[in-house]
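**Student:** Could you work out the structure for the sequence below:
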Amino acid sequence: MVGVAIWRLIVLEDNPDTTINLELVRGWLILVGLLVLGYTGLATVQDLLAMWRTGSALPYAPPPPPPADSQTRGQP
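**Tutor:** Predicted structure coming up:
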């Protein structure tokens, strides 16, 4: 899909500049940007926003509680 969008941009660039061509190019650029963001970076953006909003590096869950005395290793 991204390849088709880029191919359409190349074809539209060769045509005389008109308002319609400029609008089409803008639409294709938005489409390419959304596709790239959706395929590659959306999860990263969500993670960064969650870390910024919660103020910790663990955006989705609080840290686990420390193990109980019976669960520690090396002690009978």
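
**Student:** low-scoring pLDDT stretches of the chain, where are they?
**Tutor:** Residue ranges of the chain with pLDDT under 70: 13-15, 42-43, 57-61, 63, 70-76.

**Student:** ok, 50 please
**Tutor:** In the predicted model of the chain, no residue satisfies pLDDT under 50.

**Student:** quick one, helices of it?
**Tutor:** Ranges of helices within the chain are 2-14, 19-36, 42-54, based on DSSP state H.

**Student:** Run the angle between the longest one and helix 2-14 for me.
**Tutor:** To tie it back to what came earlier, the one meant is helix 19-36. Interaxial angle, helix 19-36 versus helix 2-14 (axes from the mean of the first three to the mean of the last three C-alpha atoms, to 10 degrees): 160 degrees.

**Student:** helices or strands up against helix 19-36?
**Tutor:** Contacts defined by 3 or more C-beta pairs under 8 Å, 6 or more residues apart in numbering; DSSP states H and E place helix 19-36 against helix 2-14. C-betas here are computed from N, CA, C, even on glycine.

**Student:** Great, nothing more from me.
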